[in-house]
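Peer 1: how would this look folded up:
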Amino acid sequence: MALDAGFRVHFVWLGEGTPSADAAVSETVLPSPRNARERIGMVNGVAREAAARLADAWHIHDYYFLRAAKRWQRHSGRAVLYDVHEYYADYYAGKLPVPAVVQRGVAWMLERYQVRSAKRLGAANVVTEKMAGPFREAGVAVSVSPNFPLLTQFESLPSRPFEDRRWSVLHIGTLSRGYGTELLVRLAARSAERDLPFTFHVLARYPSVEHQADFEGLLSEASNPPNVEVLPSRPSHEMPALLSRMGFGLSLLMPDGQNETAVPSKNYEHVMAGLVNVVTTRRAQREFSREHAVMVDGDPESCDDMLDAMLRLAEDAEATDAALREKAAAAKETFTWERGVAPGLAAQLRGLLTSSSEARLRSSARHHGRRR
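Peer 2: Predicted structure coming up:
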């Protein structure tokens with residue numbers, strides 16, 4: 001998007017790997033932080049690295065980067081796009097060990113701060129229409145970009161009959177209790193107890209070593225179900241090939257923070273790849289699945305009901321395959337980056353480029369005025 005809008009792009013990110021030195025898309029890779037405190041402590045260093053690039057605009061992705069971005073915007077006069085892909089106010093307020101009424105008050109203050117900051121910075125890009133509301137009301141230029149998959153990666157899926165993949169169940173999300181690890185293990189264990197032919201393939205996406213130990217502890221407590229296969233994590237461009245071999249996809253959000261209003265990106269991927277979407281009763285993803293997916297839903301107390309529903313779909317493979325292909329085709333008309341996100345975000349970035357050009361002209365005029 002940024003290239004199409006006329007920018008060269010330089011990424012400053014935290015991780016490992018060899019940075020690109022491409023003329024149009026280059027990178028600076030800084031060491032990964034070991035925890036949240038270390039990540040926040042790196043903000044000023046990341047900001048200095050970004051400022052050294054003499055950019056026409058910044059695109060930031062973290063609430064705690066707002067202060068540094070406002071400082072750069074004030075000194076440079078150039079625009080910043082604030083990317084909001086989490087309900088940050090609710091998330092951070094929910095971490096405080098205070099009563100719920102106090103958390104709501106803190107969330108209101110944090111929301112107000114980020115909206116005011118975005119107005120000063122220049123623009124916001126958010127993940128849902130609901131999230132866009134406060135920004136629009138404050139007069140902030142805002143684009144909406146849900147976490148839709150790339151059509152180019154999914155247009156050939158589903159590529160295999162459902163009958164050939166109907167016993168394969170996939171979990172590709174974060175492995176934490178908030179994302180349903182307890183229910184995942186209970187489903188697998190109960191399936192093994194009933195001698196059902198399902199295999200549960202689990203991508204090893206652990207937020208921390210503590211989360212890995214917790215998940216391994218859950219498996220151990222369940223006597224390490226033999227139908228669970230933990231797969232190495234892999235980059236996003238390899239996901240379509242993995243999804244193509246699976247019949248069911250799990251999205252097991254628990255009642256936690258923003259989960260009632262979230263539709264994780266794997267829900268879109270499951271539908272476009274032709275998987276049955278197996279979800280919990282969290283409102284947003286359940287409503288999405290009812291309308292756009294072949295679905296199974298339930299909660300931690302209904303493992304047998306969920307497995308029975310999965311079994312019925314697996315045993316009626318021909319009808320399930322037809323329904324999945326119909327849903328996948330419809331999703332590709334709406335829930336793709338190219339069709340649902342790119343036009344609005346490209347317009348937003350072109351607006352930033354115009355703002356940055358105007359800022360340079362104003363700066364140049366002030367400079368010449370002082371010289372005269």
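
Peer 1: Show me the contact partners of stretch 170-185.
Peer 2: By CB atoms under 8 Å, 6 or more residues apart in numbering, the surrounding residues in contact with stretch 170-185 are 200-207, 211-212, 214-215, 218-219, 221-222, 225, 228, 239, 242-243, 246, 248-254, 256-257, 259, 264, 266, 269, 275, 280, 299-300, 303. (Each C-beta comes from the backbone N, C-alpha and C, glycine too.)

Peer 1: Mind checking which of those residues are buried?
Peer 2: For the contacts of stretch 170-185, a neighbour count by 16 or more other CB atoms under 10 Å gives the buried set as 200-203, 205-206, 211, 214-215, 218-219, 222, 225, 228, 239, 243, 246, 248-254, 257, 259, 264, 266, 269, 275, 280, 303.

Peer 1: Looking at those, which are in helices?
Peer 2: Here DSSP state H is the test, and those give 211, 214-215, 218-219, 239, 243, 266, 269, 303 as lying in helices.

Peer 1: How about the contacts made by V169?
Peer 2: Per CB under 8 Å, 6+ apart, neighbours of V169: 198-201, 246-250, 278, 310.

Peer 1: From those residues, pick the one nearest Y64.
Peer 2: L250 (31.1 Å; CB to CB).

Peer 1: mind listing what the closest one touches?
Peer 2: Taking CB under 8 Å, 6+ apart, one finds 169-171, 173, 180, 184, 187, 278 in contact with L250.

Peer 1: ok so, going back, closest to P97 out of the contacts of V169?
Peer 2: Among the contacts of V169, L250 lies closest to P97 (CB to CB), at 31.1 Å.

Peer 1: neighbours of R8, just the number please.
Peer 2: Residues within reach of R8, counting by other CB atoms under 10 Å, total 14.

Peer 1: Setting the sequence-adjacent residues aside, check what's closest to V29.
Peer 2: Residue nearest to V29 in three dimensions, not counting chain neighbours: P19, with 4.7 Å by CB to CB, 6 or more residues apart in numbering.

Peer 1: The one you found - how many residues pack around it?
Peer 2: By the criterion of other CB under 10 Å, P19 has 15 neighbours.

Peer 1: Give me the three-state assignment for it.
Peer 2: coil (DSSP: H, G, I helix; E, B strand; the rest coil).

Peer 1: and it, what is it in contact with?
Peer 2: Contacts of P19 (CB under 8 Å, 6+ apart): 26-29.

Peer 1: Now restrict those residues to buried residues only.
Peer 2: Buried members of the contacts of P19, scored by 16+ other CB under 10 Å, are E27.

Peer 1: Looking at the contacts of P19, which is nearest H292?
Peer 2: Scanning these for proximity to H292, where the rule is CB to CB, the winner is E27, at 35.6 Å.
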